[in-house]
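S.K.: Quick one, what's the 3D model for this:
(4 chains, ligands or ions: 4)
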Amino acid sequence: MSQTLAEKFYYLMKLGREFEIRCKEEYLKGNISGFLHLAIGEEAVHVGAVVGFGKGDLFCPYREHVLALARGIDPKLIMAELFGKATGVSKGKGGSMHLYEPKMDFYGGNAIVAAHLPHAVGAAYARKLMGEKAGVLCIFGDGATNNGTFFEAINMASLWEVPVLFLCENNYYAIGTHISRSSALKELYLKARDYMPAEVVDGMDVFAVYEAVVRAKQYIEEYGKPYFIEAYTYRFEGHSMADKGDYRSPREIEMFRKRDPINLLVERSLREGWLTEEQIRLIDQKVEAVVEEAVEFALSSPEPSEEELYTDLYCGVCSDVIP
Amino acid sequence: MSQTLAEKFYYLMKLGREFEIRCKEEYLKGNISGFLHLAIGEEAVHVGAVVGFGKGDLFCPYREHVLALARGIDPKLIMAELFGKATGVSKGKGGSMHLYEPKMDFYGGNAIVAAHLPHAVGAAYARKLMGEKAGVLCIFGDGATNNGTFFEAINMASLWEVPVLFLCENNYYAIGTHISRSSALKELYLKARDYMPAEVVDGMDVFAVYEAVVRAKQYIEEYGKPYFIEAYTYRFEGHSMADKGDYRSPREIEMFRKRDPINLLVERSLREGWLTEEQIRLIDQKVEAVVEEAVEFALSSPEPSEEELYTDLYCGVCSDVIP
Amino acid sequence: MLYRDALNLALDHAMEHDSRVVVLGEDVGFYGGNYKVTDGLYVKYGPKRVIDTPIAENSIVGTAIGMALMGLRPVAEIMTVNFAMLVMDQFVNQMAKLRYMSGGKLMLPLVVRMPQGVAKQLASQHSQSLEHFFASVPGLYVFSASDSISAYHGLLHAIRMDDPVVFLEHTLLYSMDFPFEYVRDFDPFRARLLREGQHITVVSYLKMVHDVLKACEWLEERDGISCEVIDLVSLRPIDFETIYQSVKKTHRLVVVYEAPKTLGLGAEVSARVCEELFYFLDAPPLRIAGEEVPIPYNRKLELMAIPTPEKIYSQILSWSKSHGL
Amino acid sequence: MLYRDALNLALDHAMEHDSRVVVLGEDVGFYGGNYKVTDGLYVKYGPKRVIDTPIAENSIVGTAIGMALMGLRPVAEIMTVNFAMLVMDQFVNQMAKLRYMSGGKLMLPLVVRMPQGVAKQLASQHSQSLEHFFASVPGLYVFSASDSISAYHGLLHAIRMDDPVVFLEHTLLYSMDFPFEYVRDFDPFRARLLREGQHITVVSYLKMVHDVLKACEWLEERDGISCEVIDLVSLRPIDFETIYQSVKKTHRLVVVYEAPKTLGLGAEVSARVCEELFYFLDAPPLRIAGEEVPIPYNRKLELMAIPTPEKIYSQILSWSKSHGL
Ligand SMILES: Cc1ncc(C[n+]2csc(CCOP(=O)(O)OP(=O)(O)O)c2C)c(N)n1
Ligand SMILES: Cc1ncc(C[n+]2csc(CCOP(=O)(O)OP(=O)(O)O)c2C)c(N)n1
Ligand SMILES: [Mg+2]
Ligand SMILES: [Mg+2]
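M.R.: Ligands and ions are numbered 1, 2, ... in the order given. The predicted model follows:
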């Protein structure tokens, strides 16, 4: 069990890491543009949560490449989207912050902080009303918890008793502003604890995140009620490619880099004998190939046609159920 | 001390009660129109808070007649405003929900639920920055605590350490919706207690409200930090004249009417010997005269001139401090 | 049938025939709605499908979006359009864009109902007409209802559509009684010709339609000026074809709306007609609209701030005179 | 001087000379601002006057209103106009109405700065032009800055005013270098004549001004068409006098703006000129504006969605041809 998990985690986290390192290169080459938010350093949260949650709807912020990969969306289609190609997961109209794949219950990135929280609550309400079991996973940052929409969503989820797992990835910063200068409460789970069970987890330990999310998933599905998890993590890069992140001291960055979630996973997996050096090498090779293939696919994909500017705005049809 | 207080409380609460009973009559006569929100039943909160707070800025919701009276705004000018007259405290342009008198630090009613909370926080920030001692009193209802703006204001007040007393008058209803169908937390002080000291008080007991507010005022001025009080109360009338309030059981209304804050004050004052029947009769006479005078003033006041439609939109001047 | 009851009937029929239809908003359930539009639905369909919400407008529409994404067909009520100012993020950044940003993968069968306009002395924070805020946003449809027929059929059509619709009502119309009938294939995208005329095309919508009709009767009777009156119904998109046809006949355009004139919906109608039918116009278009001020509480000033039948009559009359009619 | 630096200079001068001026917004302090407009102010004036805020837009402006009521002169930054959709209640229901509702008793010396427009592939939630949302609201002043001179003087003037001002910047202008000089009595309410011409009056503002100027040079060189270019600067109120004077000379009007055409600011300009100068116009006005879609991520589609110098040139040219120029 731990063995297969470790393998899965390593593959997805490594894929996320390499995919985003490549995104950086492609951005500097000019193949990717706009806002590019990297989750490098936060892979344990994204992979542990998505794998642990399993079946169910995902609502994510703009930093969602690794979440999309962990959900199983084809890396080719994601990279093509970042390249703005017609083959992209959003036809090249969305870009990095707007990956969507409802077929895989992935309701994508949102570029407005906290705006997707009520979407998750409404989705969970609908699932419950329609008698479906799987709940909804909603991911957001520490900065989002200072926005009124966060509280409205927390209150409604608790009041309406809907199965949402609120996962706050606390990386201590909202762009250049440290949590201590934006939130009166430094322990963010306090903001939810009166409304729903709320706990804290080490976001650099993928197993810890995974186990917490599995427990939370069981709770929300069994009781049909919301749950809150605060995961402590850190982004090793700037907020986006537009930000150097130099408002953080080298010492601080170093301290967190020491706990690189991928290294932690590798060390533990080797220690526990869940993975061998050989397996890791093979996975690395696979990852390299997958990323390379994604980039080639993106490069060789066509631009959207000009007509695409006007399509997909309205579907223009009516449901015929009402006479 | 208690004696002078009891006299003051009784005069202001009785004035508020009689003033609003008269408002009802004038509304039915057609002299007052629009939304008319009566605070009948909530006088202990409004009078106890304003008297207890003393000097300092007031930010109120749309149910603010009694708050304005307690602050000492001339009843004539308030009644004239309700009549839409040029002599009104807002020149007849604001009406019942928009009474303002900055000369008395009264920043009036606001007809958008919770919108005035950040105003109060900003005002307190300014007062503190300018080195003034008096804090800010901000009053709002139970329903307002479900709005995101409430939480944004609570967080900012605590983060910035500004002297605001948040006074939530919990009358259990937001128009026709009982708190149990709008808030996941029934004890509203819980929504603030991690951010600032928060306590609960019997909003039907004017002395209890007064004492709590006096303590809170001392705290916010001594520490320059916010404080939260939840006062349990009840509105005996509908939400506004447009609402019969019949979604509440006669038993429930009866139960609360038994604790009419004015009766409670009278009984106690007589028992404690703070007031005599004679004093009460004299005050009642005075109140009757003041209300009568206010109505006569309003009736005999002129309508605003037609030019007034276009005035007061911009002041159109510049501050000359900057070269 | 009362306008309010026509809306109620549309909701009732939709909920009866389609279990995916849910209603949510402040006081819409147990209380029956602030303007009683949802009266009776709570008892008939229960609290799971008629949902009382906290006072959290942005999240009312936000949760409705989430419900729509999952295949429900929510009809959200924002108590009045004034409070929609708290919802603009969900309207402009979410509702209008999710489908487009997803390359057509997301579908939002969602309706948001709200009343607007001046009622009687509700003061400036409760008296606004803000249709242009929604009608300027690509990705939204915006419908308006001026009577019970367009209320019932327009709302029902909006609910049936798989795209997001902002449905605008007028506070003063709720308790007005209008003739009602079931209309075969009512098309909310087609403007309605409410009155035929030869000399002037008068375009309006919502409550102003009735003030315009009154003014046009006076113009006919007293001055022999015959006006063609068009009720837009759909405010996004605007049915310019119907307007053009009429103006090609009358060669004169008047637009009447309650919002302040500057950048109100009539600005687009006036500009578009000038740009497209420049050589057909015998006179500059006339806009009769609200003054450039918030709505004051005092009744006299309040009525000065918006068009009335009398003002519409006299302004059209003097404008016609000064342009050779 | 860089546009960004001109804004920074205005803030610096204001804060230096008036201790009541404070700056607040997300990342404006320690970080120096997302677009570095407030760079250095935190160190110079300290955290009490350069205030980092939580991500709570509605309350950023809400607290600024409270500060202004007490006599401070806050300059709030909303990181981009897209997030202003969360602030519409404070803009429309509070900032614009408090003075009027109070019969003139309240004063709001308040400025809210925000950048808007298409930068490069920021996708639809980060690329909007929404000036018409503010310019349609009585009680607000709306200024725009197209270069370093209007940025510095416009912002400084806005800060000096005792009324609330929405100050619009354009994301693409921040790192552009413009000639700078201190101008005696710069008046933000007067539109600026940036180019004199005989045949056509072209009205624009913000970044489009520069695309228009480029297109007009081409029209002059290649086609001998001489355009008069007007930069509105103030978007509420609009300086129609300056526009009228020019149109009375050229008899032709073109309005260029980045927002979707329908109900954009140009609709008011086009309508107003037709209504007021109907008999002066030799041709129907031409509006060159954004397409009726959200801004897509793909660069090719993104550029198709908004006016470019090439499009402005060719559309004005073919329009002139078809209307006898
Ligand atoms: C409503 C809103 N305000 C501001 C922004 C600009 N912005 C984008 S990301 C961000 C910081 C968010 O911080 P956090 O929630 O901690 O997420 P993180 O990026 O750290 O994962 C801000 C302010 C936005 N996108 N939306
Ligand atoms: C933002 C907003 N939403 C809705 C309304 C309509 N409304 C006016 S008062 C009210 C109920 C407020 O309840 P509460 O806060 O408990 O105050 P109370 O009237 O009970 O004192 C509502 C929903 C409003 N004015 N503003
Ligand atoms: Mg963060
Ligand atoms: Mg209440």
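S.K.: so where's the stretch 51-200 of chain A shaky on pLDDT?
M.R.: Nowhere does the stretch 51-200 of chain A drop to pLDDT under 70.
S.K.: show me where it has helices.
M.R.: Counting by DSSP state H, counting those that start in this stretch, the segments of the stretch 51-200 of chain A that form helices are A:65-71, A:75-82, A:116-129, A:148-159.
S.K.: ok, now chain C?
M.R.: Under the criterion DSSP state H, chain C contains helices at C:3-17, C:41-45, C:57-69, C:88, C:98-101, C:131-135, C:148-160, C:208-223, C:240-250, C:265-277, C:299-305, C:309-322.
S.K.: Can you tell me which residue of chain C sits closest to ligand 2?
M.R.: Nearest residue of chain C to ligand 2, counting by Cβ to the nearest ligand atom: C:Phe83, 4.2 Å away. Using the backbone N, CA and C atoms, a C-beta is placed for each residue, glycine as well.
S.K.: do you know which of the helices of the stretch 51-200 of chain A lies nearest ligand 4?
M.R.: Set against ligand 4 and scored by Cβ to the ion, these come closest in helix A:148-159, at 15.5 Å.
S.K.: Please compute how far the closest one lies from its chain's middle.
M.R.: 21 Å (Cα atoms, centre = their mean, to the nearest Å).
S.K.: and what of stretch C:216-224?
M.R.: Distance of stretch C:216-224 from the chain centroid (Cα atoms, centre = their mean) equals 27 Å.
S.K.: before we move on, back to that, just name the most buried of the helices of chain C.
M.R.: Sort these by mean neighbour count, taking mean count of other Cβ atoms under 10 Å in any protein chain shown, and helix C:57-69 sits at the top with a mean of 31.
S.K.: Quickly check: it near ligand 1 or not.
M.R.: No - contact of helix C:57-69 with ligand 1 is not found when judged by Cβ under 6 Å from any ligand atom; the minimum separation is 10.8 Å.
S.K.: Stretch A:108-115 now?
M.R.: Yes - judged by Cβ under 6 Å from any ligand atom, stretch A:108-115 comes into contact with ligand 1 at A:111-113.
S.K.: Over to stretch A:197-205?
M.R.: No - for stretch A:197-205 and ligand 1, the contact criterion (Cβ under 6 Å from any ligand atom) is not met; the two come no nearer than 11.3 Å.
S.K.: Count the residues that sit near residue 38.
M.R.: Unless you meant another one, I'm taking chain A. For A:Leu38, the number of neighbouring residues by other Cβ atoms under 10 Å in any protein chain shown comes to 25.
S.K.: should've been chain C
M.R.: Residues near C:Thr38, counting by other Cβ under 10 Å: 27.
S.K.: Please give me every residue in contact with the nearest residue to it once chain neighbours are set aside.
M.R.: Using Cβ to Cβ, 6 or more residues apart in numbering or on different chains and skipping residues adjacent in sequence, the residue nearest C:Thr38 is C:Val28, 4.4 Å away. For C:Val28, the contact set (Cβ atoms under 8 Å, 6 or more residues apart in numbering or on different chains) comprises C:37-38, C:41-42, C:50-53, C:77.
S.K.: Which of those residues sits closest to D:Tyr244?
M.R.: C:Glu77 (44.5 Å; Cβ to Cβ).
S.K.: okay, the helices of chain C in CSV with distance to ligand 4 next?
M.R.: Formatted as CSV, the helices of chain C follow (distance: least, Cβ to the ion, whole Å):
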stretch, distance to ligand 4
helix C:3-17, 25
helix C:41-45, 20
helix C:57-69, 17
helix C:88, 26
helix C:98-101, 34
helix C:131-135, 29
helix C:148-160, 31
helix C:208-223, 35
helix C:240-250, 47
helix C:265-277, 36
helix C:299-305, 28
helix C:309-322, 40
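S.K.: How many residues are close by residue 282?
M.R.: I went with chain A, as the question did not name one. Neighbours of A:Leu282 (other Cβ under 10 Å): 13.
S.K.: actually chain C
M.R.: 15.
S.K.: Could I get the contacting residues of the residue nearest to it when sequence neighbours are not counted?
M.R.: Distances taken as Cβ to Cβ, 6+ apart put C:His251 closest to C:Asp282, at 4.1 Å, once the chain neighbours are dropped. Neighbouring residues of C:His251 by Cβ under 8 Å, 6+ apart: C:280-283.
S.K.: Let me know whether C:Leu95 touches C:Pro164 as I believe.
M.R.: Heads up, residue C:95 is Met, not Leu. Yes - using Cβ atoms under 8 Å, C:Met95 is in contact with C:Pro164, at 4.6 Å.
S.K.: tell me, what's touching those two both at once?
M.R.: Joint contacts of C:Met95 and C:Pro164 (Cβ under 8 Å, 6+ apart) are C:108, C:110, C:112, C:139-140.
S.K.: Out of the residues you listed, which two are the most distant from each other?
M.R.: Those two in the shared contacts of C:Met95 and C:Pro164 that are separated most widely, counting by Cβ to Cβ, are C:Val112 and C:Gly139, at 13.3 Å.
S.K.: Common neighbours of those two, please.
M.R.: Going by Cβ under 8 Å, 6+ apart, residues that sit against C:Val112 and also against C:Gly139 are C:95, C:164.
S.K.: quick one: average pLDDT of stretch A:222-231?
M.R.: Per-residue pLDDT over stretch A:222-231 has a mean of 98.
S.K.: Next one: the closest residue to the residue of chain C closest to ligand 2 other than its chain neighbours from C:Gln90, what distance?
M.R.: Using Cβ to Cβ, 6+ apart and skipping residues adjacent in sequence, the residue nearest C:Phe83 is C:Glu57, 5.1 Å away. C:Glu57 sits 8 Å away from C:Gln90 when distances are taken as Cβ to Cβ, to the nearest Å.
S.K.: what's the answer for A:Pro197, then?
M.R.: For A:Pro197, the distance to C:Gln90 - Cβ to Cβ - is 28 Å.
S.K.: Which residue or residues pair with C:Val22 through a beta bridge?
M.R.: Counting by DSSP bridges, C:Val22 is bridged to C:Pro74.
S.K.: For it, give me the pLDDT.
M.R.: pLDDT for C:Val22: 98.
S.K.: So what's the residue count around it?
M.R.: C:Val22 has 25 neighbouring residues, counting by other Cβ under 10 Å.
S.K.: I figured it was touching C:Gly46, is that so?
M.R.: No - the pair C:Val22 / C:Gly46 is not scored as a contact, 10.3 Å apart, by Cβ under 8 Å.
S.K.: Name the residues contacting each of the two.
M.R.: With Cβ under 8 Å, 6+ apart, C:Val22 and C:Gly46 have no common neighbours.
S.K.: So for the chain, the centremost residue is which one?
M.R.: Here I'm looking at chain A. Nearest residue to the geometric centre of chain A (Cα atoms, centre = their mean): A:Leu67, 3.5 Å.
S.K.: Switch to chain C, please.
M.R.: Centroid check for chain C by Cα atoms, centre = their mean gives C:Ser144 as the closest residue, at 2.5 Å.
S.K.: Relative to ligand 3, which residue of chain C is the closest?
M.R.: For chain C, Cβ to the ion, closest residue to ligand 3: C:Asp89, 19.7 Å.
S.K.: Check the stretch 1-150 of chain A too.
M.R.: Proximity of the stretch 1-150 of chain A to ligand 3 (Cβ to the ion) peaks at A:Gly141, 3.7 Å away.
S.K.: how about the residues of the stretch 1-150 of chain A that lie near ligand 1?
M.R.: Counting by Cβ under 6 Å from any ligand atom, the stretch 1-150 of chain A comes close to ligand 1 at A:63, A:111-113, A:141-144.
S.K.: Just these: which are in strands?
M.R.: Here DSSP state E is the test, and these give A:Gly141 as lying in strands.
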